[in-house]
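Student: One predicted model, sequence on top.
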Amino acid sequence: MFDLNDLKSKNWFVKFSQALLNVSLVILGLILSYCLVRELYFIIRGVILGNNVHSVLENVLVFFLYFVFISMIVKYFCENYHFPLRYLIYVGITGSIRFILVNHENALDNFIFSLAILALVISYILLTPGLKRTHEERESNDQKP
């Protein structure tokens, strides 16, 4: 029933998949870093040239989206190959705010996206006690000899 060779072949596949994922995330991180710097250039240029406030704010929110995605990739490697849920909530909130700022013509859409932001904030608040408990458990485990 239990075949050691089958287990080794699955282990090899898992390691290969993990390595492929890691290389892909490093490449994605480099691409996002380039886009982050490019967006910073657009923000500075927009402020100097006196562009419309909405276009500058749109660029700022895109900048923060790139920043959060890069932070997620860094956190992925720091957290032993795990994406923290709170970063996905940050992306949802930032993306929804960006949509409201860019497409502000329809009041009903803005209201619906505001409700979505409220739901994300509530879910983050509900997630926060678990995050504090997990952080405290890590600290207590680190302090044990």
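Tutor: Alright, I've got the coordinates. Residues are numbered from 1 along each chain as shown.
Student: so what does the lengthiest helix in the chain touch, helix or strand wise?
Tutor: Of all segments of type helix in the chain, defined using DSSP state H, the longest is helix 4-49. Under the contact criterion of 3 or more Cβ pairs under 8 Å, 6 or more residues apart in numbering; DSSP states H and E, helix 4-49 touches helix 53-78. For glycine as for every other residue, the C-beta is placed from the backbone atoms N, C-alpha and C.
Student: quick one: the helix it packs on to helix 4-49, angle?
Tutor: For helix 53-78 against helix 4-49, the angle by axes from the mean of the first three to the mean of the last three Cα atoms, to 10 degrees is 150 degrees.
Student: tell me which residues of helix 53-78 are tucked away?
Tutor: 56-70, 72-73, 76 (16 or more other Cβ atoms under 10 Å).
Student: Report the mean confidence score over stretch 69-86.
Tutor: Stretch 69-86 shows a mean pLDDT of 85 in the predicted model.
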